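Engineer: the following block contains a protein sequence and its predicted model.
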Amino acid sequence: MGILEKISEIEKEIARTQKNKATEYHLGLLKAKLAKYRAQLLEPSKSASSKGEGFDVMKSGDARVALIGFPSVGKSTFLSLMTSTASEAASYEFTTLTCIPGVIEYKGANIQLLDLPGIIEGAAQGKGRGRQVIAVARTADVVIMMLDATKGEVQRSLLEKELESVGIRLNKHKPNIYFKPKKGGGISFNSTVTLTQCSEKLVQLILHEYKIFNAEVLFREDCSPDEFIDVIVGNRVYMPCLYVYNKIDQISMEEVDCLARKPNSVVISCGMKLNLDYLLEMLWEYLALTCIYTKKRGQRPDFTDAIILRKGASVEHVCHRIHRSLASQFKYALVW
Ligand SMILES: Nc1nc2c(ncn2[C@@H]2O[C@H](COP(=O)(O)OP(=O)(O)OP(=O)(O)O)[C@@H](O)[C@H]2O)c(=O)[nH]1
Ligand SMILES: [K+]
Ligand SMILES: [Mg+2]
């Protein structure tokens, strides 16, 4: 019997079993077994762990948001609330075993929301489906880190550490350092600002550690050694992250107030549908999308049909979105 069949057998037996004092232990045992099989299912197969691939879900819509969090913080409940997709939610951990996409429609944009399995400490090393979950997170435009408001802050720092360890930088911008390896000429080091954390000597040491002996380095901001290393190593992902504290129906007003004041944080209750509108507003801000409406001469624009682009998009981007031949024949645009 495969694990999936075993799981379904136990689930059936739990459903069959009447809940009362006499069956308490039996049910408890079944649930423990269920959790064990689910955990086994979450162990990555050897081939999957070596490749570190994500779940195979097509990117669609105008932007992608990934839900990252420990098990049972309410990720699936949230997806089912915000989209027309239903994702199974339950009180036991690892209810969700794969990536489930839904769509949030907001201001005329389609935002793809991805429900993912819960991740745990050690996820980056391949514990559970952690590696796959993180691989999906890398492809997102914004990460929602969902946290259980009734649990301590330690969950937040643990998850941050996991993402850090695989090169995901949350709510940080790319360090403003020009770095170019060369064929010869040694290391040329310059800075346009006063450096308080790095010196020429340190930069050289770090570069030698990476076996780089010829390069041009220009610091345009006062970066730390870690940030410099990020630049050398490359392949870092700089990701906006919204910390969402769910289940505030379970804590006191004072505690809610304290969490709500943290930077990049929103407090909600999926159970009582609290503050979800505000979360959407914040999400929209973090996605940094912009709505562009086209209009015919002498007519009003159609505000139900927006072209959604990243902030900073040019008229040329708009042309490409309308038709690929438009930009080359383009003469002028009136922009409001
Ligand atoms: N009190 C309270 N319970 C909630 C809230 N949101 C979700 N829950 C409950 O929390 C439990 C876990 O919810 P899920 O949505 O399955 O959590 P998940 O993060 O998807 O869990 P996994 O898929 O196992 O990682 C369920 O019993 C939900 O009913 C909330 O706002 N308040
Ligand atoms: K759950
Ligand atoms: Mg879930």
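Structural biologist: Received, thanks. Ligands and ions are numbered 1, 2, ... in the order given.

Engineer: the residue nearest the centre of the chain pairs with what?
Structural biologist: The centre of the chain sits closest to Val143, judged by C-alpha atoms, centre = their mean, with a distance of 2.4 Å. Counting by DSSP bridges, Val143 is bridged to Ala66, Cys241.

Engineer: ok and the residue in the stretch 101-250 of the chain nearest ligand 2?
Structural biologist: Gly118 (7.0 Å; C-beta to the ion). To be clear about C-beta, it is placed using only N, CA and C from the backbone, and glycine gets the same treatment.

Engineer: report the contact partners of the nearest residue to that residue once chain neighbours are set aside.
Structural biologist: In space, and not counting its chain neighbours, Gly118 is closest to Pro71: 3.0 Å by C-beta to C-beta, 6 or more residues apart in numbering. Contacts for Pro71 (C-beta atoms under 8 Å, 6 or more residues apart in numbering) come out as Glu93, Phe94, Thr95, Pro117, Gly118, Ile120.

Engineer: can you redo the residues you listed as CSV with pLDDT, secondary structure and distance to Leu205?
Structural biologist: Output for the contacts of Pro71, formatted as CSV (pLDDT from 0 to 100; DSSP: H, G, I helix; E, B strand; the rest coil; distance: C-beta to C-beta, whole Å):
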residue, pLDDT, secondary structure, distance to Leu205
Glu93, 89, coil, 45
Phe94, 89, coil, 44
Thr95, 91, coil, 48
Pro117, 93, coil, 41
Gly118, 92, coil, 40
Ile120, 84, coil, 36
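
Engineer: ok, which pair from those is furthest apart?
Structural biologist: Pairwise distances across those (C-beta to C-beta) peak at 14.0 Å, for the pair Thr95 and Ile120.

Engineer: strands of the stretch 151-300 of the chain, start to end?
Structural biologist: Secondary structure of the stretch 151-300 of the chain, counting by DSSP state E, counting those that start in this stretch: strands at 168-170, 177-181, 187-191, 215-219, 237-239, 241-246, 265-267, 289-292.

Engineer: got the angle for the fourth one vs strand 187-191?
Structural biologist: Using axes from the mean of the first three to the mean of the last three C-alpha atoms, to 10 degrees, the interaxial angle of strand 215-219 with respect to strand 187-191 works out to 10 degrees.

Engineer: and strand 215-219, what does it pack onto?
Structural biologist: strand 177-181, strand 187-191, helix 200-209 (3 or more C-beta pairs under 8 Å, 6 or more residues apart in numbering; DSSP states H and E).

Engineer: so for ligand 3, which of those sits nearest?
Structural biologist: Ligand 3 sits nearest to strand 177-181 of all the helices and strands packed on strand 215-219, at 39.5 Å, using C-beta to the ion.

Engineer: packing partners of the closest one?
Structural biologist: strand 215-219, helix 225-233.

Engineer: going by neighbour count, list what's buried in the longest one.
Structural biologist: Under the neighbour-count criterion of 16 or more other C-beta atoms under 10 Å, helix 225-233 has Glu227, Phe228, Ile229, Asp230, Val231, Ile232 buried.
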